[in-house]
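Visitor: A structural model of the following input is requested.
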Amino acid sequence: MIPSDPLSDETEARAAAFYGRRKGKALRLGQATAIEDLLPRLAVDLSAPPIDPRALFETPVEDVWMESGFGGGEHLIETAKANPEIGFIGAEPFVNGMAKALVAVHEAGLEDRIRMHHADSVPLLDALAPASLGRFYLLYADPWPKKRHWKRRFVDKGNLDRIARVLRPGGEFRFASDWAPYVDWTLARVPRHPAFEWTAEIADDWRRPWAGWPGTRYEQKAIREGRTPAYLIFRRV
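Guide: This next block holds a predicted model:
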């Protein structure tokens, strides 16, 4: 059952960035080098939209998937390893997460199939061509638990419109969170959007990770602390 929507349209309006701090502890030498040398080579140029994501890769790819706010890049890297026919775009504004992911991309030899956007993912979504992605991931995004910060949650009407625009029919919006109120918030919004349908048929469809899920450090922390993650798949109709 889809929960009732507890908020007014005014609360949905974006008033600030969807992320918090940009940088944590000092980078190690290899990470700083990756930011300086590798990031410029993998960065998506937003200056000439609309961008065909497949054109970003020198190696031909069958499809392109995007992950918004990939943290340290664990899911991004492992999913790219498991899907050699897919190109990936990762967006992450946090410097330390980007640096860690870049080092992992280089060590895994994935420079030919991963592109990066070191900022909020909204400008990237706006720059991509319509119906150009096959999958969009939002995993363990900041739930902004305080009510005065709810307007900063990434799942809102404006961003659902953006995701719907770039996903092709049959494409998937995959969402995971260990924060039950944010899961409820998402289920109060996405299935009500005319472009999406929730694919779950039985409880295990959202209680268990989807096939090929590699796990993330945020998930491991949530489970250690007694929180139960949910895994939601919405299909672009």
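Visitor: residue 165: how many residues sit nearby?
Guide: 17 (other Cβ atoms under 10 Å). C-beta coordinates here come from the backbone N, C-alpha and C atoms, glycine included.
Visitor: you'd agree it is up against residue 127?
Guide: No - counting by Cβ atoms under 8 Å, residue 165 sits too far from residue 127 to count as a contact (11.2 Å).
Visitor: give the contact list for residue 155.
Guide: Shown in contact with residue 155 (Cβ atoms under 8 Å, 6 or more residues apart in numbering): 138, 141, 175, 182, 185-186, 189-190.
Visitor: now these in JSON lines, with neighbour count, pLDDT and distance to residue 155?
Guide: Formatted as JSON lines, the contacts of residue 155 follow (neighbours: other Cβ atoms under 10 Å; pLDDT from 0 to 100; distance: Cβ to Cβ, whole Å):
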{"residue": "138", "neighbour count": "22", "pLDDT": "98", "distance to residue 155": "7"}
{"residue": "141", "neighbour count": "21", "pLDDT": "95", "distance to residue 155": "8"}
{"residue": "175", "neighbour count": "24", "pLDDT": "98", "distance to residue 155": "7"}
{"residue": "182", "neighbour count": "22", "pLDDT": "98", "distance to residue 155": "8"}
{"residue": "185", "neighbour count": "22", "pLDDT": "98", "distance to residue 155": "6"}
{"residue": "186", "neighbour count": "26", "pLDDT": "98", "distance to residue 155": "5"}
{"residue": "189", "neighbour count": "21", "pLDDT": "98", "distance to residue 155": "6"}
{"residue": "190", "neighbour count": "21", "pLDDT": "98", "distance to residue 155": "7"}
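Visitor: return the subset of the residues you listed lying in strands.
Guide: 138, 175 (DSSP state E).
Visitor: closest to residue 234 among the contacts of residue 155?
Guide: residue 190 (5.1 Å; Cβ to Cβ).
Visitor: check contacts around the closest one.
Guide: Residue 190 neighbours (Cβ under 8 Å, 6+ apart): 155, 160, 173, 175, 196, 198, 232, 234.
Visitor: mind running it again at 10 Å?
Guide: Residue 190 is in contact with 2, 155, 160, 163-164, 173, 175, 196-198, 232, 234, counting by Cβ atoms under 10 Å, 6 or more residues apart in numbering.
Visitor: where is pLDDT lowest across these?
Guide: Within those, residue 2 has the lowest pLDDT, namely 42.
Visitor: give the other helices and strands that the longest helix along the chain contacts.
Guide: With secondary structure taken from DSSP state H, the chain has its longest helix at helix 95-108. Counting contacts by 3 or more Cβ pairs under 10 Å, 6 or more residues apart in numbering; DSSP states H and E, helix 95-108 is packed against helix 29-33, helix 39-42, helix 74-82, strand 86-91, strand 114-117.
Visitor: for the nearest residue to residue 127 once chain neighbours are set aside, grab phi and psi.
Guide: The shortest distance from residue 127 to any non-neighbouring residue, by Cβ to Cβ, 6 or more residues apart in numbering, is to residue 49 (4.0 Å). Phi and psi for residue 49, reported as degrees, to the nearest 10, are phi -70, psi 160.
Visitor: quick one: which of the contacts of residue 190 sit in strands?
Guide: Reading strands off these with DSSP E, I get 173, 175, 196-198, 232, 234.
Visitor: which pLDDT value belongs to residue 27?
Guide: 78.
Visitor: in this protein, which segments are predicted with low confidence?
Guide: 1-25, 29 (pLDDT under 70).
Visitor: kindly recompute the last result at 90.
Guide: Scanning the chain for pLDDT under 90 picks out the ranges 1-34, 215-218.
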